[in-house]
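Undergrad: Would you be able to build a 3D model of this:
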Amino acid sequence: MLAETFNHTIKEYGKDIYLNDESEPRKVLLSKNNRNKDFDEYIIHTNFSIQRGDMITWENEKFIIISDVQLKSNYEYKATIRP
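TA: Sure thing, here's the model as predicted:
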């Protein structure tokens, strides 16, 4: 049930990104990471596998996954991205 709710939230409110220069966009949830004021960081939440070093293109800006990827409850991947 939580996985269905998470997938619905991504479908309804997710942002379009391109993973590693793919030609088809994917939906993810992005939130500003306010813990580190020195960098322009975001937390990315996906329902597909990602890994450190992957490139994310969002609104014509490139980001890289800089943190370890956390798998939360077998349906949500979470990581930190930075331009």
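Undergrad: pretty sure Thr46 is touching Val28, no?
TA: Yes. Counting by C-beta atoms under 8 Å, Val28 is a contact partner of Thr46 at 4.9 Å. Glycine gets a C-beta too; all of them are placed from N, C-alpha and C.
Undergrad: Overlap in contacts, those two.
TA: Ile10 (C-beta atoms under 8 Å, 6 or more residues apart in numbering).
Undergrad: Would you verify that Glu12 is located in a helix?
TA: Yes. Assigned with DSSP: H, G, I helix; E, B strand; the rest coil, Glu12 falls within a helix.
Undergrad: Tell me, how many residues neighbour it?
TA: Each residue near Glu12 was counted by other C-beta atoms under 10 Å, and the total is 8.
Undergrad: what pLDDT does it get?
TA: Looking at Glu12, its pLDDT is 96.
Undergrad: can you map out the strands along this structure?
TA: Ranges of strands in the chain, per DSSP state E, are 15-19, 26-32, 42-46, 55-58, 61-65, 70-72, 76-82.
Undergrad: show me what contacts the nearest residue to Thr9 once chain neighbours are set aside?
TA: Excluding its sequence neighbours, the residue lying closest to Thr9 (C-beta to C-beta, 6 or more residues apart in numbering) is Leu29, at 6.9 Å. The contact partners of Leu29, taken as C-beta under 8 Å, 6+ apart, are 9-10, 13-15, 44-46.
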